[in-house]
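Peer 1: Okay, predicted coordinates and the sequence, questions at the end:
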Amino acid sequence: MPIQSAYELLNRSLIFFQGKPVGTAAACDQSVVAANYNECFVRDFVPSALVFLMNGQHQIVRNFLETVMHFSGHQHVLKGHKRSMGLMPASFHVVEEEGEEKVITDFGDRAIGRVTPVDSAMWWMILLRAYVVATDDRAFSESDEVQKCISNILDLYLRERFESSPTLLVPDAAFMIDRRMAVYGYPLEIQALYYGMLMAARELLIHNENNQKIIGDLEALSNALLSHLQNYYWVDRQRFNEMHRYEAEQFGRDVVNVLNVYPESIPGWMDGWLDARSGYLVGNVGPGRIDFRFFAQGNLLSILFGITTAAQSQSIMNLYLHHWDELIGEMPMKILYPAMVGEKWRFSTGSDPKNVPYSYHNGGNWPVLIWPFVTAAVRIGRLELAEQALSIMTDRLKNDNWPEYYDGRRGDLIGRRANFFQIWSATGLIIAHEVLENPESRALLDKVLINAEVDG
Ligand code: GLC
């Protein structure tokens, strides 16, 4: 029953342009709290697309890819600068003006806080590859327009600016956490998507003389990115002990504490948090800075995209087991842990009442995260964790009318300002259910998500 009602919700959310389905709305809540939830968000469409691909509804995915590509392919002159051609919108919707349908995009020019959707083009590329793998429609990906679009994206995302590392530097709120949350700099989710995007692009670009340089560049970058994430983001008991004893103020090339992180900056909650079998990728690193918060999406995508080694992937799942109550609780699963409180919350969020401790982005529980969790857990042979997490949520989510997020340390309360009938809460559940129940869907997801050969 819950799955059937999730499908009904998904069908209700379809957005049409010129008679064709081109996307899905973020929510179908009549009493809509936020004005733009009737729009199709690129990141929210990804789980919808995976459901469509599993069910052979390929055309919708292609329509979506074309629509986003088409409407981001215009160079816009903004006040005093030009928007880069490789940037893709956070969301779009269709309006009727003078009897004619128009697609209206949002590149952060309308979004709350004017945040930049750095993740959109990354998800678009990853989805394009997924579509091609599922359908074998190479004619589409090798068309001039698509190849041009891929080049524009790579031109923007591979451009060197001020970086001293292969990671991508982004402003605050550039991805799923699209509000001020001290996630500027080098947030893990962006780095994981960056790697996923580069791997996808390598397969999608036509291997010819013209593309030789760009393919060489992106291969070099993705290798460097991988080892950078392995070296600077990974923390387990042993690594943590090294950090605990770090010497600072080291100068030169061959030093240990490269980022000059003071052990005194390690937050108190880390004391005793890692047992001998657990580990994870930290949320962010920069000069003198390690953000030790655990971000679910970045860690799970890292397992799926083959960023973590087989042993590290197991350690991340061990962390979930070890901290089940905090990270899964009564509604899978926490977007990040722990929440920022007090003065830290005030300074880092700008006193945002939506992001109070253990709510929304600041440690709320997001049902959509069940799909990367279950897919990653099953991929590496941790079936029992996947089943346990899914069983907690299945009936409740439907009975609660598909909330966007839950509040509280244990995620037991429906989010204070959550929308209902949130599409990715429903599609997340469908995917998780399919992966566990249907070997064909499981095999398809293994194929369409990057680095399927990652062993368990
Ligand atoms: C919120 C989320 C964002 C999502 C959007 C639509 O802004 O933070 O990740 O894309 O809602 O669901």
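Peer 2: Sure, I can see it.

Peer 1: where are the low-confidence patches of the stretch 51-200 of the chain?
Peer 2: Confidence mapping of the stretch 51-200 of the chain against pLDDT under 70 gives zero matching residues.

Peer 1: Looking at it, which residue is nearest the ligand?
Peer 2: Nearest residue of the stretch 51-200 of the chain to the ligand, counting by CB to the nearest ligand atom: residue 176, 4.0 Å away. Glycine gets a C-beta too; all of them are placed from N, C-alpha and C.

Peer 1: Same check on the stretch 201-350 of the chain?
Peer 2: residue 335 (9.0 Å).

Peer 1: ok, that residue - contacts?
Peer 2: Shown in contact with residue 335 (CB atoms under 8 Å, 6 or more residues apart in numbering): 176-177, 295-297, 361, 363-366, 369, 405.

Peer 1: That one: what's its closest spatial neighbour, skipping adjacent residues?
Peer 2: The shortest distance from residue 335 to any residue that is not its chain neighbour, by CB to CB, 6 or more residues apart in numbering, is 5.0 Å, and that residue is residue 366.

Peer 1: Quick check: which element contains residue 388?
Peer 2: Here residue 388, judged by DSSP states H and E, is contained in helix 383-399.

Peer 1: Now do that helix: distance to the chain's middle.
Peer 2: Using CA atoms, centre = their mean, to the nearest Å, we find the averaged C-alpha position of helix 383-399 to lie 21 Å away from the chain's own average C-alpha position.

Peer 1: And the next helix or strand past that helix?
Peer 2: Using DSSP H and E, the helix or strand that follows helix 383-399 towards the C-terminus is strand 406-407.

Peer 1: other SSEs contacting that next one?
Peer 2: In terms of contacts (3 or more CB pairs under 8 Å, 6 or more residues apart in numbering; DSSP states H and E), strand 406-407 is packed against strand 413-414.

Peer 1: And the contacts of the strand it packs on?
Peer 2: Residues external to strand 413-414 that are found in contact with it (CB under 8 Å, 6+ apart): 400, 403, 406-407.

Peer 1: Can you tell me which of these are classed as buried?
Peer 2: With neighbours counted by 16 or more other CB atoms under 10 Å, those contain buried members at 400, 403, 406-407.

Peer 1: Excluding covalently adjacent residues, which one is nearest to residue 162?
Peer 2: residue 169 (7.2 Å).

Peer 1: List the contacts of residue 234.
Peer 2: Shown here is residue 234, whose contacts under the criterion CB under 8 Å, 6+ apart are 279-282, 308, 312.

Peer 1: helix or strand right after the longest helix along the chain?
Peer 2: Counting residues, the longest helix in the chain under DSSP state H turns out to be helix 212-232. The first helix or strand that comes after helix 212-232 along the chain, using DSSP H and E, is strand 234-236.

Peer 1: Quick check: neighbours of that next one in the sheet, parallel or antiparallel?
Peer 2: Here strand 234-236 has these sheet partners by DSSP bridges: strand 279-281 (antiparallel).

Peer 1: And the contacts of the strand it pairs with?
Peer 2: Contacts of strand 279-281 from elsewhere in the structure, counted by CB under 8 Å, 6+ apart, are 188, 229, 233-237, 239, 294, 298-299, 302, 307-308, 312, 315-316, 318-319.

Peer 1: Might one say that residue 420 is in contact with residue 398?
Peer 2: No: with contact defined as CB atoms under 8 Å, residue 420 does not count as touching residue 398 (11.2 Å).

Peer 1: by contact count, what packs against the helix or strand containing residue 317?
Peer 2: Per DSSP H and E, residue 317 falls inside helix 310-322. Based on contacts counted as 3+ CB pairs under 8 Å, 6+ apart, the elements that helix 310-322 packs against are strand 234-236, strand 279-281, helix 296-304, helix 370-379, helix 383-399.

Peer 1: Report the buried residues of it.
Peer 2: Within helix 310-322, the residues scored as buried using 16+ other CB under 10 Å are 312-322.

Peer 1: nearest residue to whatever residue of the stretch 251-400 of the chain ends up closest to the ligand other than its sequence neighbours?
Peer 2: Minimum separation of the stretch 251-400 of the chain from the ligand (CB to the nearest ligand atom) falls at residue 361, amounting to 6.3 Å. Using CB to CB, 6+ apart and skipping the chain neighbours, the partner closest in space to residue 361 is residue 177 (4.6 Å).
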